[in-house]
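Enquirer: could you look at this predicted model? Sequence included:
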Amino acid sequence: MKNRFDRINADFKCVHCNHYVSTDTFLSGVVNRNHCPYCLHSRHLDLYKAGDRLSACKAEMRPVGLTLKKTNKKYGKNQGELMIIHRCVDCGDFSINRIAADDIASTIYEIFEKSLRLDKHTIEQMAVCGIVPLNADDEEIVHARLFGWADRSLSYSAAN
């Protein structure tokens, strides 16, 4: 017998690119998968917390930037998990989502590059929601988290 958790975390077709998306935790490394690993678009599903699936909106959410998950910063500045910032195309709400293991790193990096051109008003709206987008000064952090090293001049062959 299937329970509510099985229904709300079922595989889905991306609202933006129409790719089939598996929500298998073994593949994605996350429990509440609601964004596409190919285009990183999501659907407005959660209302109060990740995985609650209580939002009535259900509209498309576009990836608009990256942020770091808030931590107590015990070990210094810029600690925390890299997160995707989504904005609902219908109601304008923002949310942050964990990056999944099967998300395409180069696509995540493209989102970061596009976010460097966000207008001041959008950044202010994010701040009201407690979201601080990463900026150009954070490029090394983003690159290190996505590709394993901060110095972009390194390559696989140079590292060996």
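Expert: Received, thanks.
Enquirer: and the residue nearest the centre of the chain, bridged to which residues?
Expert: The centre of the chain sits closest to residue 84, judged by C-alpha atoms, centre = their mean, with a distance of 2.2 Å. For residue 84, the beta-bridge assignment (DSSP bridges) gives partners residue 66, residue 97.
Enquirer: not counting its neighbours along the chain, what's nearest residue 96?
Expert: Leaving aside its chain neighbours, residue 96 sits nearest to residue 83 (4.4 Å; criterion: C-beta to C-beta, 6 or more residues apart in numbering). C-beta here means a position set from N, CA and C on the backbone, and glycine is covered the same way.
Enquirer: show me where pLDDT drops low in this structure?
Expert: 1-9, 71-78, 150-160 (pLDDT under 70).
Enquirer: what comes up buried for the lengthiest helix in it?
Expert: Ordering each helix of the chain by length in residues (DSSP state H) puts helix 105-115 first. By neighbour count with 16 or more other C-beta atoms under 10 Å, helix 105-115 contains the buried residues 108, 109, 111, 112, 115.
Enquirer: tell me the contacts of the spatially closest residue to the last one that is not a sequence neighbour?
Expert: To tie it back to what came earlier, the one meant is residue 115. Nearest residue to residue 115, sequence neighbours excluded (C-beta to C-beta, 6+ apart): residue 65, at 3.4 Å. Neighbouring residues of residue 65 by C-beta atoms under 8 Å, 6 or more residues apart in numbering: 84, 85, 111, 112, 114, 115, 118, 126, 133, 134.
Enquirer: now do 7 Å
Expert: 85, 111, 115, 118, 133, 134 (C-beta atoms under 7 Å, 6 or more residues apart in numbering).
Enquirer: same thing with residue 10?
Expert: Here residue 10 is in contact with residue 23 (criterion: C-beta under 7 Å, 6+ apart).
Enquirer: in the chain, which spans are strands?
Expert: 12-13, 20-21, 42-43, 60-68, 82-88, 94-98 (DSSP state E).
Enquirer: redo these as a markdown table? Include distance to residue 104.
Expert: Listed next are the strands of the chain as a markdown table, based on distance: least, C-beta to C-beta, whole Å:
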| stretch | distance to residue 104 |
| --- | --- |
| strand 12-13 | 17 |
| strand 20-21 | 12 |
| strand 42-43 | 15 |
| strand 60-68 | 12 |
| strand 82-88 | 12 |
| strand 94-98 | 15 |
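Enquirer: perfect, I'm done here.
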